[in-house]
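*Asks:* next comes the sequence, and after it the predicted model I'd like to discuss.
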Amino acid sequence: MRFLAIIFCFFFLAFADTNSTSKLDDVIAINQQISRIDAHLKGNAWITRYANYNTYHQIQNELEENENNLKKAQNSSKRAEISKQIKTLKEQLVLLKEYENTPFLNLLTAPEIGHAPKILNPIALVSGFSYIKKINSDLADYKKHLDELEVLTSKLEEKEILLENLVSLDKSKMQKLSELRQQISDFKSACVIADTTLNVFEKKVDESVIIAKSEIKNQFISMVNIAILIFIVIAFSFFFKFVAKRTISDDERFYMVNKFINFINISLIIIILLFAYIENVSYLVTVLGFASAGLAIAMKDMFMSMLGWMVITTGGTFHVGDRVKVNRGGITHVGDIIDISLLRMTLFEDVTLGSYLSKDHRAGRILFIPNHYIFTELISNYSHYGMKTVWDGIDIFISFDSNHKKASYIAKSIARKYSKGYTDIAKRQMNKLRSQYSIKNSNVEPRVFTFFESYGICISLWYMANSHAPMALRSTISSELIEAFNKADDIRIAYPTQTIYTARKILPKAHCESDNSYE
């Protein structure tokens with residue numbers, strides 16, 4: 001019997017050792033699985049905030065305990081140490097104040113949607129599309145954030161099962177299991193709140209997206225209407241240009257009409273855009289009304305030039321291609337208008353008698369004449385109303401003993417010969433001009449005037465010449481006059497001379513007289 005008892009004890013101890021080893025292996029395996037779950041959840045925002053929430057309440061409990069200990073403490077050094085701990089704990093509570101009531105307030109709060117932007121112009125379309133993209137992105141991020149909460153809850157439930165198995169093997173883990181169940185309960189409550197918040201947030205996002213898309217749609221419809229209106233305005237401008245091209249044969253006048261049509265076209269487009277994209281046009285008019293006085297003073301010349309441009313384009317005083325003379329500060333410039341813009345006329349300076357007599361003896365420059373000069377300066381138009389000719393004159397001095405009647409006849413004959421073509425053109429143009437203006441003397445035949453001057457007789461010859469090139473005809477007629485007068489025996493061209501009289505006898509002092517005369 002004793003032998004059987006020994007054998008039974010041996011087998012019992014062996015079985016107990018095997019059972020203990022198996023139990024230990026199960027504990028190790030469960031702890032490893034729990035460790036893997038904890039590693040997976042490490043750094044999770046929900047876990048971190050919940051840990052801060054627990055820390056806050058732990059510190060609060062510790063603070064209450066220290067305050068009770070402070071009341072009971074009798075030793076001054078002990079009281080000082082407890083007071084220092086209380087101060088530290090209070091500072092920590094201040095830092096964790098947001099976790100006092102709920103651990104998930106910030107995480108469960110949905111992002112601010114804001115109001116859908118008012119789209120009043122094409123540029124605002126960018127803000128509309130950006131708004132839709134932003135709130136959709138916020139919704140996606142919020143969903144992802146809440147999905148993390150659901151995954152976290154499922155992981156904690158797995159950990160709960162593992163801890164339950166571990167408690168069956170190790171009763172010391174019961175407290176940890178109890179804390180985990182409380183944690184899971186808090187997270188499930190947060191899931192319920194999250195579902196409700198997400199549902200409300202999705203409805204708000206859908207409503208805001210519908211409003212924003214409606215604003216974008218209305219703006220696109222407005223843009224299409226404005227584009228159609230602008231297209232109609234441009235089409236009418238091309239139609240008027242086509243009509244002007246067919247009906248106006250003068251290139252210069254067509255140029256001015258074309259520029260006027262372009263100005264009206266641009267002005268109408270600007271007005272359409274202003275009335276389409278400015279909410280309160282009357283407010284703009286009021287502001288411009290108050291600012292007009294200061295602008296009128298600061299930009300006087302610019303506004304006067306714009307007014308001058310309107311007078312030029314509507315009054316027909318000047319056209320592109322006209323030959324004009326501008327006097328400014330005692331300096332005269334003669335040239336052809338090559339462009340008329342909103343602020344200035346562009347003048348191409350030609351070789352004229354003025355450039356011949358000037359000090360620099362140069363021409364061919366591009367001059368810019370402000371349009372407001374037509375109100376303040378003298379601007380002569382040599383080719384107004386289609387006139388292609390202009391009076392040009394040559395003065396020739398002959399001596400007093402010359403046959404001045406013969407000289408006048410010769411001068412007039414030469415002028416008639418070389419200016420006949422321009423005279424005929426001037427007659428036709430003068431008839432047109434008389435229908436527009438009251439002209440008393442319309443005689444355009446060459447004219448000769450004889451004047452008595454101090455040093456000779458002045459033969460003043462006037463004739464019609466090309467308004468754009470009078471110098472060529474002047475040169476031709478001058479050469480013919482010199483040649484004709486030199487051939488005549490009874491005509492002498494006068495020019496400044498000096499006569500010196502010298503005495504035949506030697507005088508104490510030299511005596512001489514001189515005078516200037518035309519001889």
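*Replies:* Right, received. Where do you want to start?

*Asks:* give me the below-cutoff pLDDT ranges for the stretch 351-500 of the chain.
*Replies:* Scanning the stretch 351-500 of the chain for pLDDT under 70 picks out 360, 497-499.

*Asks:* quick one: the residue lying closest to A190 once chain neighbours are set aside and M471, what's the gap?
*Replies:* Leaving aside its chain neighbours, A190 sits nearest to F104 (4.7 Å; criterion: CB to CB, 6 or more residues apart in numbering). In short, each C-beta sits where N, CA and C put it, glycine included. For F104, the distance to M471 (CB to CB, to the nearest Å) stands at 98 Å.

*Asks:* okay, those two: which has more neighbours?
*Replies:* When F104 and M471 are compared for neighbours, F104 comes out ahead with 21 against 16, by other CB atoms under 10 Å.

*Asks:* OK, contacts around that one?
*Replies:* Shown in contact with F104 (CB atoms under 8 Å, 6 or more residues apart in numbering): W46, R49, Y50, A190, I193.

*Asks:* what mean pLDDT does the lengthiest helix in the chain get?
*Replies:* As assigned by DSSP state H, the longest helix anywhere in the chain is helix 174-247. For helix 174-247, the mean pLDDT works out to 85.

*Asks:* cool, stretch 307-314 as well?
*Replies:* Across stretch 307-314, the average pLDDT comes to 83.

*Asks:* can I get the CA coordinates of it in PDB?
*Replies:* Output in PDB follows, covering the C-alpha atoms of stretch 307-314 (Å, rounded to 0.1, in the frame of the first residue of the first chain):
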ATOM      1  CA  LEU A 307     -12.600 116.400 -74.300                       C
ATOM      2  CA  GLY A 308     -10.400 117.600 -77.100                       C
ATOM      3  CA  TRP A 309     -10.500 114.100 -78.600                       C
ATOM      4  CA  MET A 310     -14.300 114.100 -78.500                       C
ATOM      5  CA  VAL A 311     -14.400 117.600 -80.200                       C
ATOM      6  CA  ILE A 312     -11.900 116.400 -82.900                       C
ATOM      7  CA  THR A 313     -13.700 113.100 -83.700                       C
ATOM      8  CA  THR A 314     -17.200 114.600 -83.700                       C
END
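
*Asks:* give me the residues contacting that stretch.
*Replies:* So stretch 307-314 is contacted by 256, 259-260, 263, 317-318, 340-343, 345, 370-375 (CB under 8 Å, 6+ apart).

*Asks:* buried stuff in that stretch?
*Replies:* G308, W309, V311, I312, T313 (16 or more other CB atoms under 10 Å).

*Asks:* gap between the residue nearest to A190 and K155?
*Replies:* Counting by CB to CB, the gap from F104 to K155 is 17 Å.

*Asks:* centre-most residue in this protein?
*Replies:* I123 (12.9 Å; CA atoms, centre = their mean).

*Asks:* quick one: the strands in the stretch 351-500 of the chain?
*Replies:* Ranges of strands in the stretch 351-500 of the chain, per DSSP state E, counting those that start in this stretch, are 366-370, 379-381, 389-398, 447-453, 456-466, 496-498.

*Asks:* mind putting those into a markdown table with distance to K90 and mean neighbour count?
*Replies:* Shown next, in a markdown table, are the strands of the stretch 351-500 of the chain (distance: least, CB to CB, whole Å; neighbours: other CB atoms under 10 Å):
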| stretch | distance to K90 | mean neighbour count |
| --- | --- | --- |
| strand 366-370 | 80 | 15 |
| strand 379-381 | 91 | 16 |
| strand 389-398 | 104 | 18 |
| strand 447-453 | 117 | 13 |
| strand 456-466 | 106 | 22 |
| strand 496-498 | 117 | 11 |
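
*Asks:* quick one, which of the ones you listed gets closest to I34.
*Replies:* With CB to CB, the closest approach to I34 among these belongs to strand 366-370: 90.0 Å.

*Asks:* quick one: the closest one to chain centroid distance?
*Replies:* Centroid displacement of strand 366-370 relative to its chain, using CA atoms, centre = their mean, to the nearest Å, is 28 Å.

*Asks:* each with direction, which strands does it pair with?
*Replies:* The pairing partners recorded for strand 366-370 under DSSP bridges are strand 344-349 (antiparallel).

*Asks:* buried ones in the strand it pairs with?
*Replies:* Under the neighbour-count criterion of 16+ other CB under 10 Å, strand 344-349 has R344, M345, T346, L347, E349 buried.

*Asks:* what lies in contact with that strand?
*Replies:* With CB under 8 Å, 6+ apart as the criterion, strand 344-349 contacts 305, 312, 318, 324, 326, 333-340, 355, 363-371.

*Asks:* same question for stretch 85-95.
*Replies:* Under the contact criterion CB under 8 Å, 6+ apart, stretch 85-95 has outside partners Y56, I59, Q60, E62, L63, N66, E67, L70.

*Asks:* what about E483, distance to I410?
*Replies:* On the measure of CB to CB, E483 and I410 end up 10 Å apart.

*Asks:* neighbour count winner among those two?
*Replies:* The neighbour comparison of E483 against I410 (other CB under 10 Å) goes to I410, with 21 against 10.

*Asks:* please report how far the nearest residue to the more buried one once chain neighbours are set aside lies from K420.
*Replies:* Excluding the flanking residues, the one nearest I410 by CB to CB, 6+ apart is A484, at 5.0 Å. Separation of A484 from K420 (CB to CB): 17 Å.

*Asks:* coming back round to it: between which two of the buried residues of strand 344-349 is the distance greatest?
*Replies:* Among these, R344 and E349 lie farthest apart (CB to CB), at 14.8 Å.

*Asks:* quick one on the thing from earlier: let me know the pLDDT of the residue nearest to the centre of the chain.
*Replies:* 80.

*Asks:* ditto for D25
*Replies:* Reading off the model, D25 has pLDDT 72.

*Asks:* hey, where'd the helices end up in the stretch 301-450 of the chain?
*Replies:* 353-357, 373-376, 404-436 (DSSP state H, counting those that start in this stretch).
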